[in-house]
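Q: My questions are about this predicted structure, shown below with the sequence.
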There are 2 protein chains.
Amino acid sequence: MKNAALEKSSHLEYFNIAISVDCVIFGYEDKQLKVLLIKSDLEEFEGMWSLLGDLVRPDEDLEAASYRVLQERTGLDDVYLEQVYTFGATGRHPSGRVITTAYYALVNIHTYKLANTDNELHWHPVSELGTMAFDHKNIVDTCLKRLQEAVLEHPIVFNLLPKKFSLRELQDVYEAILGVELDRRNFRKRITLKGWLDDLNEMEEDVPHRPGKVYCLKEVFGRHGKKALKPAPVLHS
Amino acid sequence: MKNAALEKSSHLEYFNIAISVDCVIFGYEDKQLKVLLIKSDLEEFEGMWSLLGDLVRPDEDLEAASYRVLQERTGLDDVYLEQVYTFGATGRHPSGRVITTAYYALVNIHTYKLANTDNELHWHPVSELGTMAFDHKNIVDTCLKRLQEAVLEHPIVFNLLPKKFSLRELQDVYEAILGVELDRRNFRKRITLKGWLDDLNEMEEDVPHRPGKVYCLKEVFGRHGKKALKPAPVLHS
DNA sequence: CCAAAAGTGTTCTCTCTACACCCATGG
DNA sequence: CCATGGGTGTAGAGAGAACACTTTTGG
């Protein structure tokens, strides 16, 4: 029988794989779902766009690493983050063996501030992404699919919006994420059925048409809405 | 601007995190969902059970590493594998920083053969797992939840069964996985609705009661059934 | 004939979809 | 008054849940 100290030495020969996190940072603007990208700083990918990511530090939780990336790049430390998948093909990174864990983040595009003045940072509509550096296009696609599966189950899209919004704005967000048009009446029914919203008894202002009611997310789903408080079925009790 | 060779040197200081894969190997026997576990070989976890896992080799794809673990431990190289989640808390491994990616596997418990004669390897009913080594209980729970979400959407439980089976056996598997009892008539309707099965025009034999029809999975979902050929909605086209 | 499981249909509810008209506001 | 989007209800189809009796086989 080994102990942990003994086993550690046998681990050493394997300490030549690096691990990183990559964040697919989603924002919403102009009725489009967008992703925050940075110009790749590798010769091999000159001119291509790349996700925001960084190597994980030895004393840092995996999730903490992605919060750090978010914080460093957007200045926000209060965002919705969700782990999606870990990409570990041997050839995926030209400078060596790097396994990366992908997270997606949902941020309000208008409250975030670029922490560094890096002008190589830009929001791109997800529907217009071309070739990207590394396997990042694949990562974006995987995260988008996961997001699409999640938005109707969990109250998370609100992280893309200001606190107060109209049902029309909310529907626009869903349409941008799902890439389909939704029937207005059915959408409103479904959303009210979920019970996620509080009616603020306020009206939109400065709109060039009949103003709509203004809603906000209920406190209990209090920003993020990571855990949608749905009663899990009792299994293997 | 850096190139890959330059960046590599800056990576070196981070090459002190190891990455492993852990496999939650599910099998089905005696109307119970079971997991293949091994006695932990670390002093810190003496007497506790642990998942089958190994460090990822530098020249090996992440997924290949979990196939290798499966192959080495069960002798099977033809199994259904699915990545679930990556666990990366700093304190999760006593012998150093090890980030692990969890996969679940579905195997037919009766066709697998232990490749090594390790008698520390045992099948445990998932409903009776106590404390486990590392964070492995948490990993099992996470994988079970993912499995439960997947089985009604995708034709994968057949990997737990022999090629030919009765509807009763199939229902027993679903009940074991979901941890609930199902209505027989509704179950049969739902399953036939899916269109996953071929009627073999054979009957059960050697049963002490009225024999049932025997079915098999349709060829198109050909073992594994990784991709359930469902038409994806056209998005962001 | 008894035990055990196979096989089968209907009703109800709920959810989702399709669909059209009047209303309030700003310009 | 016109343009723009806000707001609303109903009918039909499909999926899932509840529920009981007859049939076949082995013992």
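A: Done, it's in.
Q: C-alpha only now, for contacts and for neighbours.
A: OK.
Q: ok, the biggest helix by length in chain A near chain B or not?
A: As assigned by DSSP state H, the longest helix anywhere in chain A is helix A:136-151. No - using Cα under 8 Å from any Cα of the partner chain, we find that helix A:136-151 stays clear of chain B, coming within 9.7 Å at best.
Q: Which SSE is immediately downstream of that helix?
A: Once the chain leaves helix A:136-151, the next helix or strand it forms, by DSSP states H and E, is helix A:167-178.
Q: Tell me which residues of that next one come out buried.
A: A:L167, A:L170, A:Q171, A:D172, A:V173, A:Y174, A:E175, A:A176, A:I177, A:L178 (16 or more other Cα atoms under 10 Å in any protein chain shown).
Q: Please apply the same query to stretch A:27-38.
A: A:G27, A:Y28, A:E29, A:Q32, A:L33, A:K34, A:V35, A:L36, A:L37, A:I38.
Q: so of those, which ones are in strands?
A: Among these, DSSP state E puts A:G27, A:Y28, A:E29, A:Q32, A:L33, A:K34, A:V35, A:L36, A:L37, A:I38 in strands.
Q: From those, list the ones also adjacent to DNA strand D.
A: The subset of those within reach of DNA strand D, by Cα under 7 Å from any atom of the strand, is empty.
Q: about what we covered before: can you list the buried residues of stretch A:27-38 in a markdown table and add distance to chain B?
A: A markdown table is the format used below for the buried residues of stretch A:27-38 (distance: Cα to the nearest Cα, whole Å):
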| residue | distance to chain B |
| --- | --- |
| A:G27 | 16 |
| A:Y28 | 15 |
| A:E29 | 16 |
| A:Q32 | 10 |
| A:L33 | 10 |
| A:K34 | 12 |
| A:V35 | 14 |
| A:L36 | 17 |
| A:L37 | 17 |
| A:I38 | 13 |
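Q: what number of residues lie near A:F45?
A: A count of neighbours around A:F45, defined by other Cα atoms under 10 Å in any protein chain shown, yields 17.
Q: roughly how far apart are A:L33 and A:V126?
A: Using Cα to Cα, to the nearest Å, we find A:L33 at a distance of 6 Å from A:V126.
Q: One more: A:H154?
A: 21 Å.
Q: for A:R168, same thing?
A: Distance of A:R168 to A:V126, given as Cα to Cα: 21 Å.
Q: Tell me where chain A is predicted with low confidence.
A: Within chain A, the ranges that satisfy pLDDT under 70 run A:1-15, A:113-119, A:225-237.
Q: center of it, which residue is that?
A: A:A105 (2.1 Å; Cα atoms, centre = their mean).
Q: Is that residue in a helix, a strand, or coil?
A: Taking DSSP: H, G, I helix; E, B strand; the rest coil as the rule, one finds A:A105 in the strand state.
Q: What residue spans form the domains of chain A?
A: A:17-151, A:163-221 (automatic domain parsing).
Q: Could you identify which of those is most buried?
A: domain A:17-151 (a mean of 19; mean count of other Cα atoms under 10 Å in any protein chain shown).
Q: hmm, back to that, report the contact partners of the residue nearest to the centre of chain A.
A: Listed by Cα atoms under 8 Å, 6 or more residues apart in numbering or on different chains, the contact partners of A:A105 are A:C23, A:V24, A:I25, A:F26, A:V79, A:Y80, A:L81, A:E82.
Q: Repeat that for A:D77.
A: A:Y67, A:R68, A:L70, A:Q71.
Q: Out of these, the closest to DNA strand D would be?
A: Closest approach between those and DNA strand D, by Cα to the nearest atom of the strand: A:L70, at 32.4 Å.
Q: Off-centre distance for stretch A:138-151?
A: 9 Å (Cα atoms, centre = their mean, to the nearest Å).
Q: okay if I get the contacts of A:D77 as TSV plus distance to B:N186 and secondary structure?
A: Below are the contacts of A:D77 laid out as TSV (distance: Cα to Cα, whole Å; DSSP: H, G, I helix; E, B strand; the rest coil):
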residue	distance to B:N186	secondary structure
A:Y67	46	helix
A:R68	49	helix
A:L70	48	helix
A:Q71	50	helix
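Q: Residue of chain A closest to DNA strand D, please.
A: A:G212 (3.2 Å).
Q: what about the residue lying closest to A:Q71 once chain neighbours are set aside, is that helix, strand or coil?
A: Distances taken as Cα to Cα, 6 or more residues apart in numbering or on different chains place A:D77 nearest to A:Q71, at 5.2 Å, with adjacent residues excluded. Counting by three-state DSSP, the backbone at A:D77 sits in coil.
Q: Is A:C216 in a helix, a strand, or coil?
A: Under three-state DSSP, A:C216 comes out as strand.
Q: Say whether DNA strand C is contacted by the longest helix of chain A.
A: No - Helix A:136-151 does not reach DNA strand C (Cα under 7 Å from any atom of the strand); its nearest approach is 12.6 Å.
Q: Now do that helix: distance to the chain's middle.
A: 9 Å.
Q: Can you list the helices and strands that it packs against?
A: strand A:18-29, strand A:80-87, strand A:98-106, helix A:167-178 (3 or more Cα pairs under 8 Å, 6 or more residues apart in numbering or on different chains; DSSP states H and E).
Q: These: which one's closest to B:A150?
A: strand A:80-87 (15.8 Å; Cα to Cα).
Q: residues from chain A in reach of DNA strand C?
A: So chain A meets DNA strand C at A:D183, A:R185, A:N186, A:R190, A:D206, A:V207, A:P208, A:H209, A:R210, A:P211 (Cα under 7 Å from any atom of the strand).
Q: With distance to DNA strand D as new columns, can the contacts of A:D77 be given to me in TSV?
A: Below are the contacts of A:D77 laid out as TSV (distance: Cα to the nearest atom of the strand, whole Å):
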residue	distance to DNA strand D
A:Y67	35
A:R68	37
A:L70	32
A:Q71	34
